[in-house]
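**Student:** Provided below are the primary sequence and the corresponding predicted coordinates.
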There are 2 protein chains.
Amino acid sequence: MYIEKINNPTDLKRLSLNELKTLSSEIRKILLNKLSIHGGHVGPNLGMVETTIALHYIFNSPVDKIVYDVSHQSYTHKILTGRKDGFINPDDFDAVSGYTNIKESEHDFFNVGHTSTSVSLALGLAKARDVKEEKGNVIAVIGDGSLSGGEAYEGLNNASEQGSNFIIVVNDNDMSIAENHGGLYSNLKELRETEGKCPNNFFKALGLDYLFVKDGNDLESLIEAFAKVKDSSKPVVVHIVTLKGKGYKPAETNKEEYHWKMPFSLSTGKSDIDFGDWIDYGNLSADFLLSEMNENKNIVAITSGTPAVMGFSKSKREAAGKQFVDVGIAEEHAVAFASGMAANGATPVYGVYSTFIQRCYDQLSQDLCINNNPIVMPVFMGGFRGMNDMTHLGFFDIPLISNIPNMVYLAPTCVEEYISMLTWGINQKSHPVAIRVPDGSCGYSNEIFEQDYSNLNKYKKVNEGKDIAIIALGSMFNHGKNLQSQISKELNINATLINPRFITGIDKDMLNELKFDHQLVVTLEDGVLDGGFGEKISRFYGDTDVKTINYGLKKEFADRFDEEELMKENRLTIPQIIDDIKRTII
Amino acid sequence: MYIEKINNPTDLKRLSLNELKTLSSEIRKILLNKLSIHGGHVGPNLGMVETTIALHYIFNSPVDKIVYDVSHQSYTHKILTGRKDGFINPDDFDAVSGYTNIKESEHDFFNVGHTSTSVSLALGLAKARDVKEEKGNVIAVIGDGSLSGGEAYEGLNNASEQGSNFIIVVNDNDMSIAENHGGLYSNLKELRETEGKCPNNFFKALGLDYLFVKDGNDLESLIEAFAKVKDSSKPVVVHIVTLKGKGYKPAETNKEEYHWKMPFSLSTGKSDIDFGDWIDYGNLSADFLLSEMNENKNIVAITSGTPAVMGFSKSKREAAGKQFVDVGIAEEHAVAFASGMAANGATPVYGVYSTFIQRCYDQLSQDLCINNNPIVMPVFMGGFRGMNDMTHLGFFDIPLISNIPNMVYLAPTCVEEYISMLTWGINQKSHPVAIRVPDGSCGYSNEIFEQDYSNLNKYKKVNEGKDIAIIALGSMFNHGKNLQSQISKELNINATLINPRFITGIDKDMLNELKFDHQLVVTLEDGVLDGGFGEKISRFYGDTDVKTINYGLKKEFADRFDEEELMKENRLTIPQIIDDIKRTII
């Protein structure tokens, strides 16, 4: 095994071309083994094995600096830069993150997980090199799927002007997470078909030099191409064509499914994971919307490159037809586009992950909320029971969305309430409505909910008690219910329980009423406290005798946390809250 | 005068070409007269007179829908759509806003003021038209300066895929606010020089049809071109070349100066406005940075298309040389680029307007703060004493920036403190540091300030008193001082006065101390209360006996407000605050 001898990129340089080829097979085996046991980004990593080997063979990392876009394709890079144990030894699988990580290695320059950032970040490294009058290559690696994002374009547009050494490897596998969308991809296709020779060339139009590599899984061509551009005195694009999922048939065939995958059987390619009672709010949303679309041709579901977020599998996308639009990874466009549709009488429903909604704050504010257009925006995976990488947290959507004027941000607590709110959202024409989709732990309540939320900021009192009131937001409602019951047992107090429903405003009438017979109001939310929901309640009660305690998450980029631990660290467990209550009201 | 007969676009259609030409001269005169008396966007509007006449001559607004990017070039559109009085009669000058405005006219589809949005918004209008199976043209008008923004690219990339009628007028005057930056502009130059015939074509590479108009100030060519694309069944770009400032020599010659201008003399072109004691923090920043740059070649000042924000006039840009980078209107790139520079040991200083920082939240979070890179970011025109159009408010930067982990957001209160903080910022290597530049009313204090802010979140007690504490943030510090003095007079209480300095964290030690001999803590900030600074103080004191009142702005898109009125509406005047205090502590 050659891999045994590779402890850093220098070791690679001693191998012959044939040995490098053998190494790439070894790495592919290692990757598949870990991925099948552990889960992770399958397609992107299998496609990039040869490219990564060739990059490290030709360039001298970390003096030469390679920056990976999204960095979910950086596993081979990690294997070659001293972190192979994290891929070979099951005990060490969790010792490496799924993205580049500055704490892990001097060969990683950024922690990133969102797309379209590598060109700008790397261009910054290059500019610093230039002002410091140092030497060395800077290489940005970006996939074709990431090219639809505005930040990538802004970076490309600035690269040629900077002028000095800068190498952009465009890894073109003709896929985003799902299929690619946008006019650019017709140009990439034309470039592939003419082997880079067609006169119309997006990259050249941005003032960049250009080199085409027909087979980006062929080590020899890659090494030749990278050797040619090494030490280039100006920016150059190396356009390589790779196969997503290369070397594993199921991944080559079902590219969307294998982009990111739970643990699976290597022989069958199938995942067999029991999600128990966990609710799939994505599927549920797609089914609901498809049925509404049949009745109302003005409803259009929108995704920005992640159709699975709202459950739109290939067959459901086809069923929706023109009533489903994938704009590619382009969240800014998605929001402005939705606002435009609503301005002209259609009913756009933009489903988006909490972690990605932050890519379009200005569009939410400027294009959407200033114009008060009635779009509906389900926000998925908010809270701490979804993704848990520091680059993909769902903690920040409340401060981000809820402090924008005119926005109505709703927090349903169960399936029925979610569907009620979604139904109201698509049938009203007065507000931009965002809905914080509950996490999968929030099941069916078998209760009936209001169909009309037009009387804004009216909270719902679920239990009328005294002394203590619990205001438990969205996915935290069940936790609030448990807290109420424990307070009853331990403190013999019948606490009031409130489902606030609205994140974007406070119910002054109800909060004023509480003043008469409540000493303490406790708020629960599954987002950062800073700028969040609870602070608004504390501000309201600031000049009164009612005390408040806000529970939520502290402002930090928590990384690969354990949910229970995170709750403890933030004093979110019921015994901790009861302790605090005792200290406050007695 | 033909203009007298024009009350809506239909009236235009009766005029002959020669009459239209006369009309364009009349409009230019009207524009120059108002602009010289009132101030406004000079260059963009003078350049667009003929284009706007031709658009309304050929298309049938509002059935055909024209969407203007930024919309600071929409004055002629307003004149032609029933709002000419707002440009002719000085008494009505303030009755029309400087941007398109849905409340003013059915011919306006959006309130916008930020760049790069028109393509996406208009594409939404077109999609709604298609699902509703209606007819009509949708036209997006976008300037070349706006094309550097990622949102514009995301929109262009999606236009060809949508496929149906969509017309994009690219108004190319070879300028942004200042000169254009980016590789794209070499392609636009090539297109101009070859009259649209060069094989390499950015727009065609994005799958769009393309038409070139050599003289975009020639009515006949414009009418011919628009007639050709009218009712097009697919997306097409009409690339027109116009002269920014056309028809007024000083504006044609000094394009940057006349992009937006205060009132000026028509004969001399000079503005003669006395700013009194108003501090120009832009100039002051540029001078300080230029002097630091001389000593330290690693300092690089960055702007995203608004070099004036940090005082970098043409001569100062030249003096800075390679230590100044204008990335064009591309805030996302600016932040990621700065983060990359800092990661490689340089010292980037990104100066940006409060209203535009919201264009790059994800970059602040993901590209910058997760990586904790030491950039310095002065944020200008935060608060309510800068811009006052609803599309350009400085109220939202505190919730936006201060709730991101790792960020250090500082609020200086005067010139000396600003320079101290800026000095610390560029000399430290531990944090991303944003500085909320005071508004111009905050002058020199003649006091000496700490040079070291590395002990984070330490507030500064300026007066030690009891019973009441005033925590007055940044530009509101002087107001806090006045409040303290009035409290002393009216209530005979020596109130504690605190300059918190840090927006991103609270000084628990100091706040805990206050508990012993203070009943009430009052916070003052010049931003929206929701998600802002004061709420954090209220959360801290929530479970104690200390009462709090947070003063700031309510969550709304205030429009063309009067400062004094705005303060009254938000109970920010000293008599109002004193009334509240009396009610609370007695």
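**Tutor:** Alright, I've got the coordinates. Numbers count the residues shown, from 1 in each chain, chains lettered A, B, ... in the order given.
**Student:** dihedrals phi and psi, A:F288?
**Tutor:** A:F288 adopts backbone torsions of phi -60, psi -50, taken as degrees, to the nearest 10.
**Student:** go ahead and confirm it touches A:Y418.
**Tutor:** No - using Cβ atoms under 8 Å, A:F288 is not in contact with A:Y418, being 9.1 Å away. C-beta coordinates here come from the backbone N, C-alpha and C atoms, glycine included.
**Student:** ok, those two, which is more surrounded?
**Tutor:** With neighbours defined as other Cβ atoms under 10 Å in any protein chain shown, A:F288 and A:Y418 compare such that A:Y418 has more, 26 against 18.
**Student:** now do that one, the pLDDT please.
**Tutor:** Listed pLDDT for A:Y418 reads 98.
**Student:** please, which helix or strand holds it?
**Tutor:** Assigned by DSSP states H and E, A:Y418 belongs to helix A:415-427.
**Student:** would the following helix or strand past that helix count as contacting chain B?
**Tutor:** For helix A:415-427, the succeeding helix or strand toward the C-terminus, using DSSP H and E, is strand A:433-436. No - between strand A:433-436 and chain B, judged by Cβ under 8 Å from any Cβ of the partner chain, nothing touches; the nearest distance is 15.0 Å.
**Student:** so what strands line up beside strand A:433-436?
**Tutor:** Using DSSP bridges, strand A:433-436 pairs in its sheet with strand A:376-380 (parallel), strand A:408-410 (parallel).
**Student:** and the helix or strand that it is followed by, what other elements does it pack with?
**Tutor:** Downstream of strand A:433-436, the first helix or strand assigned by DSSP H and E is strand A:460-463. With contacts taken as 3 or more Cβ pairs under 8 Å, 6 or more residues apart in numbering or on different chains; DSSP states H and E, strand A:460-463 sits against strand A:496-499.
**Student:** and the strand it packs on, how far out from the chain's middle?
**Tutor:** Centroid separation for strand A:496-499 versus its chain: 32 Å, with Cα atoms, centre = their mean, to the nearest Å.
**Student:** and the contacts of it?
**Tutor:** Residues outside strand A:496-499 that contact it (Cβ atoms under 8 Å, 6 or more residues apart in numbering or on different chains) are A:413, A:459-466, A:468-472, A:477, A:480-481, A:484, A:510, A:514, A:518.
**Student:** quick one: average pLDDT of that strand?
**Tutor:** Strand A:496-499 shows a mean pLDDT of 98.
**Student:** separation between A:Y541 and A:I578?
**Tutor:** Taking Cβ to Cβ, to the nearest Å as the measure, A:Y541 falls 21 Å from A:I578.
**Student:** more neighbours: those two, which one.
**Tutor:** More neighbours surround A:Y541 than the other of A:Y541 and A:I578, with 22 against 16 (other Cβ under 10 Å).
**Student:** distance-wise, check that one relative to A:Y551.
**Tutor:** Distance, A:Y541 to A:Y551, by Cβ to Cβ: 15 Å.
**Student:** for the stretch 251-400 of chain A, which segments count as helices?
**Tutor:** Along the stretch 251-400 of chain A, counting by DSSP state H, counting those that start in this stretch, helices occupy A:281-295, A:314-320, A:331-343, A:354-357, A:361-362, A:397-402.
**Student:** what helices or strands is the first one leaning on?
**Tutor:** Here helix A:281-295 touches strand A:299-303, helix A:314-320, strand A:376-380, helix A:415-427, going by 3+ Cβ pairs under 8 Å, 6+ apart.
**Student:** one more: the second one?
**Tutor:** In this structure, helix A:314-320 packs against helix A:281-295, strand A:324-326, with contacts taken as 3+ Cβ pairs under 8 Å, 6+ apart.
**Student:** ok, and for it, which residues are buried?
**Tutor:** For helix A:314-320, the neighbour count (16 or more other Cβ atoms under 10 Å in any protein chain shown) marks A:316-317, A:320 as buried.
**Student:** residues in contact with A:N111?
**Tutor:** By Cβ under 8 Å, 6+ apart, A:N111 lies in contact with A:99-103, A:390-391, B:370-371.
**Student:** got the residues of the stretch 351-500 of chain A near chain B?
**Tutor:** Counting by Cβ under 8 Å from any Cβ, the stretch 351-500 of chain A comes close to chain B at A:358-363, A:365-367, A:369-371, A:390-391, A:396, A:399-400, A:402-406.
**Student:** and those, which are buried?
**Tutor:** For those, buried by 16+ other Cβ under 10 Å: A:358-363, A:365-367, A:369-371, A:390-391, A:396, A:399-400, A:402-406.
**Student:** to B:S339, which of the helices and strands packed on helix A:281-295 lies closest?
**Tutor:** B:S339 sits nearest to strand A:376-380 of all the helices and strands packed on helix A:281-295, at 26.0 Å, using Cβ to Cβ.
**Student:** run through who's touching the closest one.
**Tutor:** Contacts for strand A:376-380 (Cβ under 8 Å, 6+ apart): A:281-282, A:285, A:309-310, A:335, A:338, A:347-354, A:357, A:386, A:397, A:401, A:422, A:425-426, A:432-437.
**Student:** A:L511 in helix, strand or coil?
**Tutor:** What DSSP: H, G, I helix; E, B strand; the rest coil gives for A:L511 is helix.
**Student:** give the contact list for it.
**Tutor:** A:521, A:537, A:540-541.
**Student:** ok, and which of those reach chain B?
**Tutor:** Checking those against chain B by Cβ under 8 Å from any Cβ, the ones in range are A:Y541.
**Student:** show me what the helix ranked longest in chain A is packed up against.
**Tutor:** Across chain A, the helix with the greatest residue count (assigned by DSSP state H) is helix A:17-38. Applying 3+ Cβ pairs under 8 Å, 6+ apart, we find helix A:17-38 packed against helix A:42-47, helix A:49-58, helix A:75-78, helix A:85-88, helix A:219-229.
**Student:** now those helices in CSV, with distance to chain B and mean pLDDT?
**Tutor:** Formatted as CSV, the helices and strands packed on helix A:17-38 follow (distance: least, Cβ to the nearest Cβ, whole Å; pLDDT from 0 to 100):
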stretch, distance to chain B, mean pLDDT
helix A:42-47, 18, 96
helix A:49-58, 18, 98
helix A:75-78, 17, 98
helix A:85-88, 20, 97
helix A:219-229, 17, 98
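**Student:** and those: which comes nearest A:H114?
**Tutor:** Ranking those by proximity to A:H114 (Cβ to Cβ) places helix A:42-47 first, at 14.4 Å.
**Student:** what packs against the closest one?
**Tutor:** Judged by 3+ Cβ pairs under 8 Å, 6+ apart, the packing partners of helix A:42-47 are helix A:17-38, helix A:249-253.
**Student:** in the last one, what's buried?
**Tutor:** This means helix A:249-253. Buried residues in helix A:249-253 (16+ other Cβ under 10 Å): A:250-252.
**Student:** do the first one as well
**Tutor:** Buried residues in helix A:17-38, counting neighbours by 16+ other Cβ under 10 Å, are found at A:20-21, A:23-24, A:26-28, A:30-32, A:34-36.
**Student:** how far does that helix sit from the chain's center?
**Tutor:** Using Cα atoms, centre = their mean, the distance from the centre of helix A:17-38 to the centre of the chain it belongs to is 27 Å.
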